[in-house]
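Asker: next one to model:
(one chain, ligands or ions: 1)
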Amino acid sequence: MLDDTSFAIHPGNKKDANTEVYRDIGNLKFFKQTNAGFLFGCSNGFVVIQFFTESIVRVVMNQHDEPMLNGSYAVIEEPAQVKADAAEDNKQVTLITAKLRIAIQKSPFRITVADSNGTVLLDENEHGMAYRENGEVIAFKKKHSGDHFYGFGEKSGHLDKSGERFEMWNTDVYAPHNPETDPLYQSIPYFMTLRNGKAYGVFLDNTFRTMFNMKSSEEYFSFSAEGGQLDYYVMTGPGPKDVIQQYTHLTGKMPIPPKWALGYHQSRYSYESEGEVRGLAKNFIKRDIPVDVIHLDIHYMNGYRVFTFDKEKFPDPEKLIRDLGEMGIRVVPIVDPGIKKDAEYPIYREGVTDNLFCKYLEGDIYFGNVWPGTSAFPDFTDGKVRGWWGKKHKYYSDMGIEGIWNDMNEPAVFNETKTMDTAVMHRNDGVPAAHRELHNIYGFKMAEATYAGMKEHLDGKRPFLLTRAGFAGIQRYASVWTGDNRSFWEHLQMTLPMVMNLGISGVPFAGPDVGGFAHDTNAELLVRWMQVGAFTPFFRNHSAIGTVYQEPWKFGLKNESIMKKYIQMRYKWMPQLYKLFHEASVSGIPVMRPLFLEYPDDAKTYNLNDQFMIGDNVIIAPILVPSITDRAVYLPEGNWLNFETGETYAGGQVHLIHAELDELPIFIKAGTAIVQGEWNSNTEKTPKQITMDIYAGTNDETYRFTHYDDDGESFEYVDGSYLQVQIEVKSTLDAVHISIREQEGSYRPAYDKINVNVHGLHKQQRVILENHEDSMLSLELKSRG
Ligand code: MIG
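Answerer: Residues are numbered from 1 along each chain as shown. The predicted model follows:
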């Protein structure tokens, strides 16, 4: 309680990281090659070094026994066969592969990961791997000057995390989310280091509470876990995009979402009755404001019992869902893990009789207090429970529901610790472990169960899942919203680095509560936030009970028309966004990117928090402060065209850009292209026309554009029902040459040509279009200027 008074800075309170308390792994005693890799016996424990791929090396320390290499929740890939040679002299052992050189100093045991040229990526100095009597395991690594750190999943604060310390322990934090609020809802024990334009990543595969300390020392940083093995992967890049590809090679990719999930979502805690929901839907249609989803928060249920509807407020949910469906709107209900203790509630009864709830070792069910009052919690670490939970979702899918919103799955409990008793024993698919060890995967396993169940019931359609809590690999099952932010300009500002770092952490489908959840929003803030939301991967307006309503028409006609413009813009950009989502589902590279991902050699981008990229060629530079209509925009090398005005700006410098409340500065790189569709109506969202806007370059530059499309809702793309067209844009001094190179897939969209507009042509430049006779799509020049 004294923590928020001056007592917290009592002189006796100094809490510096103390390296003395750890026992070092010690000196190398022996080493040998095994099937899995190289085993090192040290005076104080064991280490395995395993080459997972040519570019990913795994290090596992176990202080007691030979390390175990199985049992990861996050890693779904098997190690590849990598040819590695070992050389030894008195001082060190060197492991050499085609791409890496791992030098292991013998006394004391210290690891240096270098590339094949000998450039050091990750190394150790005075301190190396170590542990404490209480089970904590830690790795100290050398800090190099010019190290920038990114990733760490869902964290508040700025893009570059150097000088910060983080904890991973899924936590329901209602307030505040300020730059030092940590931890939040997600645990992704992973980061990327950028040094002189080159990057490597570290993934600490450990579900206990973990810590990343990039703060306490100028000499070293550390990562540690409260228990378990020190098991980490070094992804060696060399570029930042390579690191993301390597990390998502291990932990998996996001499946391509249904197109409707990429649209605009309207939510509120809560729309409390069928009448209110119908009125809401009608408003969107009447005002011609696009919407794909309406979320139902906890009030839809009967006494907060999941898998029920309140019969008075929602007398006929099937009909509601059907009617909304005819308006082009889907319903996504919230589903929390807490099951009300109620002997007459079938879900609770099944849970008890079939032994599906989390229990203490002694056999008592764990009860916690959440919305429904005293509640039990399904043990999602158990396959049987996941199967049961998945089956229960037939209740929703039978009503026509295709998306689920998982909340409170940290799990959140209304008590002092905010969560489940850490002594609860999870079944963990036959390897029981305490909640202390598995807390961080509770929400992840719930998401796995929900996604699998919905996928099965939807019979070939893609489910959508939104989750608050998660662990490394959550992208395989769910999109993530960043929890209970507030209607503050600071929270709009924080949205950008937060979602960008989630993208770097393998989660491309993420976004904030647009407009802010808690606190009262206002017209200007909501408008500016909508402009950002139109380009964040997940786009949902959500607000809390007791705050002002923030639907797009709540602040007068003028503001409504601006918000409408940007929500419609989201839909016009859908083909471009969809192609980027597809790319993310294949490569892991996020849709929304920090500039350094594309310009890793440009130091000006390293901590650029108020701009972001969509794909590799579009920069969005929103206004993030009140009453300001001019802002500095940094454009990296090359020329950039203003998307609205067509004006050209030279890169490598800062420009002062004017943007009235109805303007969002968007810049497209010269020499590149984007595709757009059109906005028709809420029931006709599939575009019949596709337009490619090409921005002329000059310097013999070639841009390769991949257009991707499919039916947007089924898994048929897996069997080839998609369309992928490679289009090359070649700019030279006297021409812009646009050609269809290759086409793949059997999907036939509603359009059979791409209308081409060429912008920014120079006087002497001609436009040459080259079609491909076998191609499904043909290019047709519409305008040039
Ligand atoms: O705070 O279900 O983050 O989006 O509206 C209470 C009610 C629980 C927290 C979620 C928020 C949601 C709210 N929930």
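
Asker: run through the strands of the stretch 401-550 of the chain in chain order.
Answerer: Counting by DSSP state E, counting those that start in this stretch, the stretch 401-550 of the chain has strands at residues 403-406, 425-426, 433-434, 464-467, 470-471, 479-481, 510-511, 513-514, 540-541.

Asker: looking at these, which is closest to residue 61?
Answerer: Distance to residue 61, taken as C-beta to C-beta, is lowest for strand 433-434 among the strands of the stretch 401-550 of the chain, at 19.3 Å. (C-beta placed from N, C-alpha, C; glycine too.)

Asker: what's in contact with that closest one?
Answerer: Defining contact as C-beta atoms under 8 Å, 6 or more residues apart in numbering, one finds that strand 433-434 is touched by 381, 422-426.

Asker: which one of the residues you listed is nearest residue 493?
Answerer: Nearest to residue 493 among these, counting by C-beta to C-beta, is residue 422 at 35.0 Å.

Asker: just list the residues touching that closest one, thanks.
Answerer: Taking C-beta under 8 Å, 6+ apart as the contact definition, residue 422 lies against 434-436, 439.

Asker: repeat that with 10 Å
Answerer: With contacts defined as C-beta atoms under 10 Å, 6 or more residues apart in numbering, the neighbours of residue 422 are 209, 226, 434-439.

Asker: and the contacts of strand 433-434, which are buried?
Answerer: In terms of neighbour count (16 or more other C-beta atoms under 10 Å), the buried residues within the contacts of strand 433-434 are 381, 424-426.

Asker: and the residues you listed, which is closest to residue 341?
Answerer: When those are compared for distance to residue 341, the smallest value, 15.8 Å, is given by residue 424; criterion: C-beta to C-beta.

Asker: measure the closest one to residue 345 for me?
Answerer: Here the distance between residue 424 and residue 345 works out to 21 Å (C-beta to C-beta, to the nearest Å).

Asker: need the contact list for residue 57.
Answerer: Neighbours of residue 57 in contact, by C-beta under 10 Å, 6+ apart: 37, 49-51, 82, 84, 95, 97, 99-100, 102, 111, 113, 121-122, 232-236.

Asker: contact residues of the stretch 451-600 of the chain facing the ligand?
Answerer: Applying the criterion C-beta under 6 Å from any ligand atom, the portion of the stretch 451-600 of the chain that neighbours the ligand consists of 468, 483-484, 517, 542.

Asker: pLDDT at the closest residue to residue 735 other than its chain neighbours, what is it?
Answerer: Among residues not flanking residue 735 along the chain, residue 766 sits closest, at 4.7 Å (C-beta to C-beta, 6 or more residues apart in numbering). At residue 766, the model reports a pLDDT of 96.

Asker: then residue 479?
Answerer: At residue 479 the predicted local confidence, pLDDT, stands at 98.

Asker: that one touches residue 499, doesn't it?
Answerer: No: the pair residue 479 / residue 499 is not scored as a contact, 11.2 Å apart, by C-beta atoms under 10 Å.

Asker: follow-up on the earlier one: which among the residues of the stretch 451-600 of the chain next to the ligand count as buried?
Answerer: Buried residues within these, counting neighbours by 16+ other C-beta under 10 Å: 468, 483-484, 517, 542.

Asker: now these in TSV, with pLDDT?
Answerer: As requested, these are exported to TSV (pLDDT from 0 to 100):
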residue	pLDDT
468	98
483	98
484	98
517	98
542	98
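
Asker: among those, which ones are in helices?
Answerer: Residues from these lying in helices, with DSSP state H as the criterion: none.

Asker: and stretch 411-426, anywhere near the ligand?
Answerer: No: judged by C-beta under 6 Å from any ligand atom, stretch 411-426 makes no contact with the ligand; its nearest approach is 7.4 Å.

Asker: how about the chain: which residue is closest to the ligand?
Answerer: When you check the chain against the ligand by C-beta to the nearest ligand atom, the closest residue turns out to be residue 269, at 3.3 Å.

Asker: need the strands of the stretch 401-550 of the chain in a markdown table with distance to residue 580, can you?
Answerer: Conversion of the strands of the stretch 401-550 of the chain to a markdown table gives the following (distance: least, C-beta to C-beta, whole Å):
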| stretch | distance to residue 580 |
| --- | --- |
| strand 403-406 | 21 |
| strand 425-426 | 37 |
| strand 433-434 | 39 |
| strand 464-467 | 17 |
| strand 470-471 | 22 |
| strand 479-481 | 14 |
| strand 510-511 | 14 |
| strand 513-514 | 19 |
| strand 540-541 | 18 |
